[in-house]
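# structure for the following, please:
(2 chains)
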Amino acid sequence: AQTIHQWPVAEIKAVGSPLSLGCTIKGKSSPNLYWYWQATGGTLQQLFYSITVGQVESVVQLNLSASRPKDDQFILSTEKLLLSHSGFYLCAWSRDSTEVFFGKGTRLTVV
Amino acid sequence: GEQVEQLPSILRVQEGSSASINCSYEDSASNYFPWYKQEPGENPKLIIDIRSNMERKQIQELIVLLDKKAKRFSLHITDTQPGDSAMYFCAASAVGSNYKLTFGKGTLLTVTP
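This is a model prediction of the structure:
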């Protein structure tokens, strides 16, 4: 069975500080990987997707970047956090362009 | 890009009754329509989906209907239980959409005893 692990579970960071969130998928080779963002009480916004190692496509510009250094790893980062970056960050995977499964998420609070 | 509208934003029903959530989409190329349930503090979980080659799909108490002509799809929960209380999101995606799943704004369902 496939498992998806996100880290950290929660972060409190200062405005202007850097951020790195991670995600690992086990049990599935060459998955499609995604980063989603959800404001408190809000909808889910896709940020990035990757269909292969080393290739990441941006969906929206939020002063964030993503990388896929390994087949099973997806990283979300920024050098300077903004207050607007607060929210729930969800890594997700799919076999194809359907049936997206989410990790447990990282709750980020920027102060 | 695709836009998905979801109504109502808040839905309150009595235990044992049915609950219905409606979504509409704009892109006629959309061909995959999943529904997610999200409990407070948790990740969204896929509960049922339907593809454009179907008009109706049922998994236990969950029924999804798709009207491609009207570009509408809906989730019906029959015999609701307090455990059905959660936020529900509909979504749509299309072949060639660069793997983008567009979500509705969500419906907060509360089932009262």
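
# run through the strands of chain B in chain order.
B:4-7, B:10-14, B:19-25, B:30-38, B:45-51, B:56-59, B:62-67, B:72-77, B:86-94, B:102-103, B:107-112 (DSSP state E).

# please name the nearest non-neighbouring residue to residue A:93.
What sits nearest to residue A:93 in space, not counting adjacent residues and going by Cβ to Cβ, 6 or more residues apart in numbering or on different chains, is residue A:31, at 4.2 Å. (Each C-beta comes from the backbone N, C-alpha and C, glycine too.)

# what's around the one you found, how many residues?
Around residue A:31 there are 22 other residues, counting by other Cβ atoms under 10 Å in any protein chain shown.

# return the residues of chain A in contact with chain B.
Contact residues, chain A versus chain B (Cβ under 8 Å from any Cβ of the partner chain): A:32, A:34, A:42-46, A:49, A:51, A:57, A:59, A:90, A:94, A:97-105.

# please flag which of those sit within strands.
The strands, defined by DSSP E, take in A:32, A:34, A:44, A:45, A:46, A:49, A:51, A:57, A:90, A:94, A:101, A:102 from these.

# let's have the residues you listed in TSV, adding neighbour count.
Formatted as TSV, those follow (neighbours: other Cβ atoms under 10 Å in any protein chain shown):
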residue	neighbour count
A:32	19
A:34	27
A:44	26
A:45	17
A:46	23
A:49	26
A:51	17
A:57	12
A:90	27
A:94	19
A:101	20
A:102	22
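
# if anything else comes up later, I'll come back, but that's it for now.
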